[in-house]
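Enquirer: fold the following and give me the result.
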Amino acid sequence: MQWCDRRSIVTKKISLLAMLLSLSMVFSYFEARFPIITWIPGAKLGLANIVVMVALYEIGTKEAWCLSVLRVILTGFLFGNFVAVLFSLAGAFLSLGGMSVLKRYTKISMMYVSISGGILHNLGQIIVASNVLENQKIWYYFPMLFFSGIIAGTMIGFLGYSICKKIKKINRM
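Expert: Have a look, this model is predicted:
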């Protein structure tokens, strides 16, 4: 492969990641502006995680990590504050870390990987909350967040799987 071919491939990958980052930020903004009303305070669907799941399965683990961390930092400071970034980073690191391990070392479906990610995201946020608030009673809230992680993970997993299936179909053409 010639030098200019490699450069072209790198340019295409960077362009793709920039578009995915933009899309995930739009999803984050949309979710911040129009929260889904649930009976669990603070619970969100995590629409931006659809983009991260697709990146994890279609592009690669390193790229998904880069995308996730950049999205959390940029949207946190654009639409939130330092504490929001701290909570989101904890959830993103634990979630994507768990999903990366499950994807690489197991044969479970994308749906179950996503559900695990939803649960781990909420666990990461509870860990940070209990340390920031210096109050362990916050853990009583975790069963509700566990349940919301299952619901959100199922929806994100289904949407991510559908998108990946379409991408594979398009690539076969």
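
Enquirer: how close does the residue most central in space within the chain get to Gly160?
Expert: Nearest to the geometric centre of the chain sits Asn49, at 3.2 Å (CA atoms, centre = their mean). Relative to Gly160, Asn49 is positioned 8 Å away (CB to CB, to the nearest Å). Every C-beta, even on glycine, is put in place using the N, C-alpha and C of the backbone.

Enquirer: mutual contacts of the two, please.
Expert: Taking CB atoms under 8 Å, 6 or more residues apart in numbering as the contact rule, Asn49 and Gly160 both touch Ser114.

Enquirer: SS state for the residue nearest to the centre of the chain?
Expert: Three-state assignment for Asn49 (DSSP: H, G, I helix; E, B strand; the rest coil): helix.

Enquirer: how about the contacts made by it?
Expert: Ser95, Ser114, Gly117, Gly118, His121, Ala152, Ile156, Gly160.

Enquirer: which SSE is the third one in?
Expert: Taking DSSP states H and E as the criterion, the element that holds Gly117 is helix 110-132.

Enquirer: contacting residues around that helix?
Expert: With CB under 8 Å, 6+ apart as the criterion, helix 110-132 contacts 46, 49, 53, 57, 83, 86-88, 90-99, 102-103, 136, 138-139, 141-142, 145-146, 148-154, 156-158, 160-161, 164.

Enquirer: on that earlier part again, quick one: which of the contacts of Asn49 is nearest Ile36?
Expert: Ala152 (9.4 Å; CB to CB).

Enquirer: run a quick neighbour tally on that closest one.
Expert: By other CB atoms under 10 Å, the residues close to Ala152 number 26.

Enquirer: over to Ser68?
Expert: 25.
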